[in-house]
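Chemist: sequence first, predicted model second:
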Amino acid sequence: MTKPEEEMFTLLETASELGVTTRTVKTYIYSGRLPGAIKGPRGWRIPKNDALKLKEEWAATSKAIIEGYKRARQKSTRPGHPRSR
């Protein structure tokens, strides 16, 4: 079942939304990270929901990495380290 045109991004629009190159978007398509992508006669069409879901996953992952880094810095237990007191 095909989706209406207004629910799809072009390759360039997806790259812009994700802040990556069009080549990176193609890599995501071929690796299955954008499963709803369809190649038509005028190029790739990527469902907006797939692109936005990937963007949200990145945001959650980035936030978790930053929080983990902050916790690790706060829990430093090296003797004589300023944060170990």
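Modeler: That came in fine, so what should we check first?
Chemist: just for this structure, where's the confidence low?
Modeler: By pLDDT under 70, the low-scoring segments of the chain are 1-6, 75-85.
Chemist: list the buried ones in the longest strand along it?
Modeler: Looking across the chain with DSSP state E, the single longest strand is strand 43-47. For strand 43-47, burial by neighbour count (16 or more other Cβ atoms under 10 Å) applies to Trp44, Arg45, Ile46, Pro47. C-betas here are computed from N, CA, C, even on glycine.
Chemist: distance of the last one relative to Pro41?
Modeler: Relative to Pro41, Pro47 is positioned 18 Å away (criterion: Cβ to Cβ, to the nearest Å).
Chemist: show me where this protein has its strands.
Modeler: Using DSSP E, strands in the chain cover 8-10, 38-40, 43-47.
Chemist: to Ile29, which of those strands lies closest?
Modeler: Ile29 lies closest to strand 43-47 among these, at 6.6 Å (Cβ to Cβ).
Chemist: quickly run through the sheet partners of the longest strand of the chain, with directions.
Modeler: strand 8-10 (antiparallel), strand 38-40 (antiparallel) (DSSP bridges).
Chemist: just the CA trace of it, in PDB.
Modeler: Output in PDB follows, covering the C-alpha atoms of strand 43-47 (Å, rounded to 0.1, in the frame of the first residue of the first chain):
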ATOM      1  CA  GLY A  43      13.900   9.200  -6.900                       C
ATOM      2  CA  TRP A  44      13.500   8.000  -3.300                       C
ATOM      3  CA  ARG A  45      10.400   8.800  -1.200                       C
ATOM      4  CA  ILE A  46      10.800   8.300   2.600                       C
ATOM      5  CA  PRO A  47       7.900   8.300   4.900                       C
END
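Chemist: alright, calling it a day.
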